[in-house]
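J.: Need coordinates for the following:
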Amino acid sequence: MNIILIPGKVAKGRNISLSHGQVVTVSVVLLAILPMVFGAFAYHIAALLDRAAAQDPEYLQAQAQSLLHERQTLVKAREKAEAHLNALAYKLGELQAQIVRLNALGSRLAHLAGLDKRGEFDFSESPAVGGPESKPSTIDVSELVKSLAILSANIADRSDRLTSLETVLFDRKFQAASTPSGSPVEGGWVSSGFGLRTDPFTGHQAYHEGIDIADRLNAPIHALGAGVVVYAGPKDGYGLMVEINHGRGQHTRYAHARSLLVKEGDKIEKGQVIALVGSSGRSTGPHVHVEYLRDGRAIDPQAYLKLY
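T.: Numbers count the residues shown, from 1 in each chain. The predicted structure follows:
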């Protein structure tokens with residue numbers, strides 16, 4: 001290998017010849033020294049930059065603002081997580097309150113229905129559960145929220161169904177209260193039955209559409225069932241009369257009263273005193289004439305209502 005050195009002010013250059021071994025040696029030395037030189041140069045430049053940055057107020061301020069922003073972001077993330085947890089806790093509280101309400105409603109319905117408190121009708125006990133032991137698994141928050149939403153919808157559905165069932169049971173209870181039964185007076189005796197009889201005024205055969213119960217004057221007359229008064233006043237042949245609509249096509253009439261204690265439109269409870277025994281109208285003495293009509297047709301009150 002030949003190296004020609006040409007000085008700036010010398011017209012003729014110098015020629016240096018290097019052997020192969022010398023070339024290899026020079027190359028190895030350069031490869032070893034150059035990285036060290038460049039490393040030292042880079043370290044020196046970085047140190048200069050660091051010192052310049054440390055002495056730059058704007059740089060320090062920017063770094064401080066960045067740290068403040070990161071801290072605020074962490075605080076907001078923590079507050080958001082706490083808000084979600086609080087919301088879940090509140091929702092769980094609502095669901096627990098709903099369950100308590102459903103248990104109370106279920107117990108009341110079981111009592112109204114006369115069901116034994118056992119099995120599915122015992123709302124004081126938790127449902128029986130079981131199964132083989134399994135490894136615990138982690139629960140994703142989104143899945144938990146979804147499960148809570150499904151549970152809430154199911155509870156709402158059960159609540160609606162139980163409320164409907166409660167309404168039906170109360171309707172049945174009202175039907176039982178509104179169905180005429182019992183006796184309109186506390187004492188007395190049947191002085192004239194239902195059907196064909198000899199008319200006490202004409203002596204001819206006539207159809208009697210009720211029964212007569214003789215009792216003392218001013219004895220209280222009780223409603224045979226709950227309902228609404230549709231007529232209260234004088235009526236030809238009946239004297240002072242009260243007619244009650246019990247629903248489902250059922251009516252009862254109480255005639256020959258001395259005085260009436262109710263008026264049209266009044267809501268009547270079963271057993272309520274509605275009039276006093278008298279002898280008004282076409283009557284031979286103190287008694288109450290009782291009629292039971294179903295869909296407008298007179299039925300024997302004594303046989304249907306089981307008065308005695």
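
J.: From Val277, how far off is Ile213?
T.: 9 Å (Cβ to Cβ, to the nearest Å). All C-beta spots, glycine's among them, are computed from the backbone N, C-alpha and C.

J.: show me where pLDDT drops low in the stretch 201-308 of the chain?
T.: 304-308 (pLDDT under 70).

J.: For Asp212, name its beta-bridge partners.
T.: With DSSP bridges as the criterion, Asp212 is bridged to Ser192, His289.

J.: residue contacts, it?
T.: Contact analysis of Asp212 by Cβ atoms under 8 Å, 6 or more residues apart in numbering lists 190-192, 287-290.

J.: Go ahead and confirm Tyr231 touches Leu240.
T.: No: if you go by Cβ atoms under 8 Å, Tyr231 and Leu240 don't touch, sitting 10.8 Å apart.

J.: more crowded one of these two?
T.: Of the pair Tyr231 and Leu240, Leu240 is the one with more neighbours under other Cβ atoms under 10 Å, namely 20 against 15.

J.: On the three-state scheme, the more buried one is what?
T.: strand (DSSP: H, G, I helix; E, B strand; the rest coil).

J.: Surely it and Arg253 touch.
T.: No: checked against Cβ under 8 Å, the pair Leu240 and Arg253 is beyond contact range at 11.4 Å.

J.: Which residues are in contact with Gly239?
T.: Gly239 neighbours (Cβ under 8 Å, 6+ apart): 255-257, 278-283.

J.: quick one: which of the residues you listed is nearest to Ala87?
T.: Ala257 (66.4 Å; Cβ to Cβ).

J.: Once you drop chain neighbours, what's closest to that closest one?
T.: Sequence neighbours aside, Ala275 is the residue nearest to Ala257 in space, at 3.8 Å (criterion: Cβ to Cβ, 6 or more residues apart in numbering).

J.: ok, the one you found to Ile244 distance?
T.: Taking Cβ to Cβ, one finds Ala275 at 11 Å from Ile244.

J.: joint contacts of the two?
T.: Contacts common to Ala275 and Ile244, judged by Cβ under 8 Å, 6+ apart, are Tyr254.

J.: and the closest residue to Leu240 other than its chain neighbours, which of the three is it?
T.: Residue nearest to Leu240 in three dimensions, not counting chain neighbours: Ala257, with 4.3 Å by Cβ to Cβ, 6+ apart. Put simply, Ala257 is strand when judged by three-state DSSP.

J.: OK, contacts around Ala257?
T.: Ala257 is in contact with 221, 239-242, 275-278, 280, 288, counting by Cβ under 8 Å, 6+ apart.

J.: what are the bridge partners for it, then?
T.: With DSSP bridges as the rule, Ala257 is bridged to Leu240, Val277.
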